[in-house]
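Asker: This is a predicted model, with the sequence first.
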Amino acid sequence: MGWSFQFGRLFGIPLRVHVTFFLLLAFVAWGDSHGLRDPRSGLMGAAYIAALFACVVLHELGHSLVARRYGVKVSHIMLLPIGGVALIERIPDNPKQEFRIAIAGPLVNIAIGALCGAGLLIAGQPLVVPSADLLTGGHFLLRIATVNIFLALFNLLPAFPMDGGRILRSLMAQNMDYAKATRLAAGLGQTLAFVFGILGVFTNPWLLLIAVFIYLGAGQEGQQVQVRSLLRNVPVGYAMAKQFAVMQPDEPLARAVEEAMAGYQHDFPVVEGPQVVGLVTRDALIAALYERGSETPLRDVMAEQFCTAAAEDSLADLYDRMNHDGCPAVVVVQDGQPVGLLTPERVVQYLRYLAQHPYAKSASSEPPPATGSRPS
Ligand SMILES: [Zn+2]
């Protein structure tokens, strides 16, 4: 994600802040503007902002540490104005694990709120203030408690991309198909966004902003899960091209160009005997053609490090890997020999085919798992 920078690291997880996070800080500072005239109050304002930072980080750390316990890697924690995001590598397929990861964040805020409440009781301070300005008025501990309860409730809204949306989906997914649970949760989220939007027009413009955010988040989540659920239980062998040209290392570049012009293939496995030893991609082909000329042997152009897979591997996992590692093409191998070729375009083609023939997958492969049963 652009527009962000790293400011620290906790439990080995990089902490990043998005520039828009400072909008929130400006908002709080604005509410505290009397602090500019009163240094002591200004200092409290700064301490409050620092504490707010810490609470958001702790919330995300809650998600991250539970995710890690289930073997899910956490790439970093990002602070955004609406809270934070823990960028986890994948959402676990097991709904119970997803539930625990999602609820860990709001639970951290509730725990902080409760601790602050206990602190207030010990200090003999009142737990409520008559002020309407709860976020900026009252005892320091009370403000921290209030903002944490607010963070917990906001994140528990049953809509993607909020934690509440994931919690709802994981609860429904224990009794139904994951994609269907996502569709229902996303639909409910978008309805909620609609209600927020209408309320926002008549009351608070912040609600309108939240509505747009929820609406976009719900759609995106639905799409991602749709792709994964379509590719679920599909082996790589079903989507790969089985008819493809291979090249020899000593053949000139011109041969591959000729082949590329003649057909739909742009990436060529290079074989020595029966074994695949390299891959010439479309980009490498074009670059080499300009820089070295068409007589260059493919041996000098091919990449010796390239993505490979087995025909029986899961296509859903491979597609994640292709997006993550940026594989332009995957050579499907068996005992070191190329048996198939898979490109992102080919996966998209296959997805389109599945969308048009919804029963193709169950007809040609083993049937999808029964509703509610899921490998854990
Ligand atoms: Zn969260």
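Answerer: Sure, I can see it.
Asker: Run through the residues of the stretch 101-250 of the chain sitting next to the ion.
Answerer: When proximity is defined by Cβ under 5 Å from the ion, the stretch 101-250 of the chain lies next to the ion at 105, 155, 163. Placement of C-beta: from N, CA and C, glycine included.
Asker: Which element, helix or strand, includes the first one?
Answerer: For residue 105, the element it lies in under DSSP states H and E is helix 95-122.
Asker: pLDDT on that helix, on average?
Answerer: Within the predicted structure, the mean pLDDT of helix 95-122 is 92.
Asker: same deal with stretch 346-362?
Answerer: Here stretch 346-362 scores 73 as its mean pLDDT.
Asker: Which of the residues in it are classified as buried?
Answerer: Taking 16 or more other Cβ atoms under 10 Å as the basis for neighbour counts, the residues of stretch 346-362 that come out buried are 346, 347, 350, 351, 354, 361.
Asker: Quick check: which helices or strands does the very next helix or strand once past the helix holding residue 105 pack against?
Answerer: Once the chain leaves helix 95-122, the next helix or strand it forms, by DSSP H and E, is helix 140-155. On a contact count with 3 or more Cβ pairs under 8 Å, 6 or more residues apart in numbering; DSSP states H and E, helix 140-155 meets helix 39-69, strand 83-88, helix 95-122.
Asker: and helix 140-155 with strand 83-88, angle?
Answerer: Using axes from the mean of the first three to the mean of the last three Cα atoms, to 10 degrees, the interaxial angle of helix 140-155 with respect to strand 83-88 works out to 60 degrees.
Asker: Below-threshold pLDDT in the chain: ranges please.
Answerer: In the prediction, the chain carries residues with pLDDT under 70 at positions 1-2, 24-45, 81-83, 89-90, 129-138, 222, 224, 358-376.
Asker: Would you point out which residue of it is nearest the ion?
Answerer: Minimum separation of the chain from the ion (Cβ to the ion) falls at residue 105, amounting to 3.2 Å.
Asker: how close does that residue get to residue 292?
Answerer: To residue 292, residue 105 is 53 Å away according to Cβ to Cβ, to the nearest Å.
Asker: between the two, which one's more packed in?
Answerer: When residue 105 and residue 292 are compared on other Cβ atoms under 10 Å, the one with more neighbours turns out to be residue 105, at 27 against 13.
Asker: Please verify my assumption that the more buried one contacts residue 163.
Answerer: Yes. The pair residue 105 and residue 163 passes the contact test of Cβ atoms under 8 Å, sitting 5.3 Å apart.
Asker: List the residues that are in contact with both of these two.
Answerer: Taking Cβ atoms under 8 Å, 6 or more residues apart in numbering as the contact criterion, the residues that touch both residue 105 and residue 163 are 63, 155.
Asker: nearest residue to residue 297 other than its sequence neighbours?
Answerer: Nearest residue to residue 297 in three dimensions, chain neighbours excluded: residue 250, at 5.5 Å (Cβ to Cβ, 6 or more residues apart in numbering).
Asker: The one you found reaches residue 301, doesn't it?
Answerer: No. Contact between residue 250 and residue 301 fails when scored by Cβ under 8 Å: they sit 11.9 Å apart.
Asker: Between those two, tell me which one has more neighbours.
Answerer: Taking other Cβ under 10 Å, residue 250 and residue 301 do not tie; residue 301 has more neighbours (24 against 11).
Asker: Now do the strands in the chain.
Answerer: Using DSSP state E, the strands of the chain run over residues 4-10, 13-18, 74-80, 83-88, 268-272, 275-280, 307-309, 330-334, 337-342.
Asker: Make CSV from those and add mean neighbour count and distance to the ion to it.
Answerer: Formatted as CSV, those follow (neighbours: other Cβ atoms under 10 Å; distance: least, Cβ to the ion, whole Å):
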stretch, mean neighbour count, distance to the ion
strand 4-10, 12, 16
strand 13-18, 19, 14
strand 74-80, 20, 10
strand 83-88, 21, 6
strand 268-272, 22, 44
strand 275-280, 20, 41
strand 307-309, 19, 33
strand 330-334, 22, 34
strand 337-342, 20, 35
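Asker: on that earlier part again, got the helices and strands packed on helix 140-155 as a markdown table, with distance to residue 189 columns?
Answerer: Below are these laid out as a markdown table (distance: least, Cβ to Cβ, whole Å):
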| stretch | distance to residue 189 |
| --- | --- |
| helix 39-69 | 19 |
| strand 83-88 | 16 |
| helix 95-122 | 14 |
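Asker: of all those, which gets the most neighbours per residue?
Answerer: Mean neighbour counts were compared across the helices and strands packed on helix 140-155 using mean count of other Cβ atoms under 10 Å; the top stretch is strand 83-88, at a mean of 21.
Asker: Can you give the distance of that strand from its chain's centre?
Answerer: Its chain's C-alpha centre lies 9 Å from the corresponding centre of strand 83-88 when counted by Cα atoms, centre = their mean, to the nearest Å.
Asker: just checking, what packs against that strand?
Answerer: Using 3+ Cβ pairs under 8 Å, 6+ apart as the contact criterion, the neighbours of strand 83-88 among helices and strands are helix 39-69, strand 74-80, helix 140-155.
Asker: So what's the residue count around residue 21?
Answerer: Other residues within reach of residue 21, judged by other Cβ under 10 Å, total 20.
Asker: same deal with residue 178?
Answerer: 24.
Asker: Kindly report the same for the one 10 residues further on.
Answerer: Neighbours of residue 188 under the rule other Cβ under 10 Å: 19.
Asker: got a list of what the closest residue to residue 75 other than its chain neighbours touches?
Answerer: Leaving aside its chain neighbours, residue 75 sits nearest to residue 87 (4.6 Å; criterion: Cβ to Cβ, 6+ apart). For residue 87, the contacting residues are 74, 75, 76, 77, 78, taking Cβ under 8 Å, 6+ apart as the criterion.
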